[in-house]
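Peer 1: model the following, please.
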Amino acid sequence: MAIRIVREDGDEILRKKSREVEEVNDKIREILEDMVETLHSYNGVGLAGPQIGILKRLVVIDLYDEKGTIKLVNPRIIKQKGEQEVEEGCLSFPNQFAKIVRPAEVTIEALDENGKKIKIKGEGLLAQAISHELDHLDGILFVDKIIPGTLEYVKPEKQ
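Peer 2: Presented below is the predicted three-dimensional model:
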């Protein structure tokens, strides 16, 4: 396992569309493990393949609850319901936060790290995280969806 470098604002890979994973194999599982380790090292909630320079439809999400880390291969939203206005940030846009409108509830289909089909229904923060990360797979960034006038820059604390 390895901590990968998170690509930041201005890196053109963040605007590219990711490709489907054709086979869930040991290499894909290794990338997912690296993504989890990277996510945790940055104290993030979600991470998508393009954010570590890999244009594959891979996402990891961790709400740091009893469900643990969710690993998704080729996820797609099959249903969404309602709206929620949320405050959002992104590991690729450090120290920037803004208000965004996201679905209040989403249902997705994906493969897990063993290639098994799964279906997940997420509400609230999970729906927000899923929507945010799946946008990354299509080259859409949270800054594209900001409610005008809500972007804030937070000065990082000195270590």
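
Peer 1: burial count for Glu22?
Peer 2: Residues contacting Glu22 under the criterion other CB atoms under 10 Å number 9. The way it works is simple: take the backbone N, C-alpha and C, and place the C-beta from them, glycine included.

Peer 1: how about the closest residue to Lys56 other than its chain neighbours, what does it touch?
Peer 2: Nearest non-adjacent residue to Lys56, counting by CB to CB, 6 or more residues apart in numbering: Gly49, 4.6 Å away. For Gly49, the contacting residues are Ser18, Ile31, Met35, Leu55, Lys56, Arg57, Leu58, Val59, His136, Leu137, by CB atoms under 8 Å, 6 or more residues apart in numbering.

Peer 1: in strands, which of these fall?
Peer 2: Judged by DSSP state E, strands contain the following of the contacts of Gly49: Leu58, Val59.

Peer 1: any chance of the contacts of Gly49 in JSON lines, plus pLDDT?
Peer 2: Below are the contacts of Gly49 laid out as JSON lines (pLDDT from 0 to 100):
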{"residue": "Ser18", "pLDDT": "98"}
{"residue": "Ile31", "pLDDT": "98"}
{"residue": "Met35", "pLDDT": "98"}
{"residue": "Leu55", "pLDDT": "98"}
{"residue": "Lys56", "pLDDT": "98"}
{"residue": "Arg57", "pLDDT": "98"}
{"residue": "Leu58", "pLDDT": "98"}
{"residue": "Val59", "pLDDT": "98"}
{"residue": "His136", "pLDDT": "98"}
{"residue": "Leu137", "pLDDT": "98"}
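
Peer 1: among the contacts of Gly49, the buried ones, what's the PyMOL command?
Peer 2: Buried members of the contacts of Gly49, defined by 16 or more other CB atoms under 10 Å, are picked up in PyMOL with:
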select buried, resi 18+31+35+56+57+58+59+136+137
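
Peer 1: can you tell me which of the contacts of Gly49 is nearest Ile3?
Peer 2: Among the contacts of Gly49, Met35 lies closest to Ile3 (CB to CB), at 9.9 Å.

Peer 1: okay, helices next: where are they in this protein?
Peer 2: 26-41, 124-137 (DSSP state H).

Peer 1: wait, what's in contact with Val101?
Peer 2: Glu83, Gln84, Glu85, Val86, Lys145, Ile147.

Peer 1: okay then, goodbye and thanks.
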